[in-house]
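Participant: sequence? don't have it. structure:
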């Protein structure tokens, strides 16, 4: 999963009048776009996410401001800084995602491959690890806690 995470450049046109950024399905997302949403006006010091989607791929960007994103496959954690509206980050399905450290006024923009269905998301680390263990087998050794939570001894 984490090996599939990558930056995707959008169509980004800059001139003396400003900047126009376009995102087109099939051109800038490797899937048809079924849903677009923003996360904004995040209360300072709080985070968002802390879940994974069973069958939804996403491309996410900071449309304004900046934020950090922790991604995990259950074993590894990688942190990305989103601060350029001219590129997005591919978030493959079954990737645990946590967003935090939003700058003042930040707008997090997401293009998703499916319509939202809460029943298709994994909302706890335990549920996520259970689903990943089904994929990886009983000998798989995951992290004991989700990114952003303290590891248990």
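Facilitator: Okay, I see it. Small disclaimer: the values here were computed from a predicted structure and weren't measured. Residues are numbered from 1 along each chain as shown.
Participant: Let me know the distance separating the nearest residue to residue 72 once chain neighbours are set aside from residue 84.
Facilitator: Leaving aside its chain neighbours, residue 72 sits nearest to residue 96 (4.2 Å; criterion: CB to CB, 6 or more residues apart in numbering). For every residue, glycine as well, the C-beta is placed using N, CA and C. Between residue 96 and residue 84 the computed distance is 23 Å (CB to CB, to the nearest Å).
Participant: quick one: which of the two has more around it?
Facilitator: Higher neighbour count among residue 96 and residue 84: residue 96, with 24 against 15, using other CB atoms under 10 Å.
Participant: Okay, the more buried one and residue 44: tell me how far apart.
Facilitator: For residue 96 relative to residue 44 (CB to CB), the value is 24 Å.
Participant: Then residue 58?
Facilitator: 24 Å.
Participant: Same drill for these two, tell me which one is more crowded.
Facilitator: Comparing residue 58 with residue 44 by other CB under 10 Å, the one with more neighbours is residue 58, at 23 against 8.
Participant: Check whether that one really touches residue 99, as I assumed.
Facilitator: No - in this structure, residue 58 is not within contact of residue 99 by CB atoms under 8 Å, at 11.6 Å.
Participant: residue boundaries of the strands in the chain?
Facilitator: Using DSSP state E, the strands of the chain run over 7-9, 11-15, 18-22, 35-40, 48-53, 58-64, 67-72, 77-82, 87-91, 96-100, 107-112, 121-122.
Participant: tell me which strands and helices the fourth one is in contact with?
Facilitator: For strand 35-40, the contact count by 3 or more CB pairs under 8 Å, 6 or more residues apart in numbering; DSSP states H and E identifies strand 107-112 as packing neighbours.
Participant: what's the neighbour count on residue 137?
Facilitator: Counted with other CB under 10 Å, residue 137 comes out at 7.
Participant: for residue 90, same thing?
Facilitator: 18.
Participant: Next: residue 86.
Facilitator: 13.
Participant: For it, which residues are in contact?
Facilitator: 9, 10, 12, 19, 21 (CB atoms under 8 Å, 6 or more residues apart in numbering).
Participant: Apply 10 Å and report the result again.
Facilitator: Contacts for residue 86 (CB atoms under 10 Å, 6 or more residues apart in numbering) come out as 9, 10, 11, 12, 13, 14, 19, 21, 61.
Participant: Which residue is the nearest non-sequential neighbour of it?
Facilitator: Nearest residue to residue 86 in three dimensions, chain neighbours excluded: residue 12, at 3.6 Å (CB to CB, 6+ apart).
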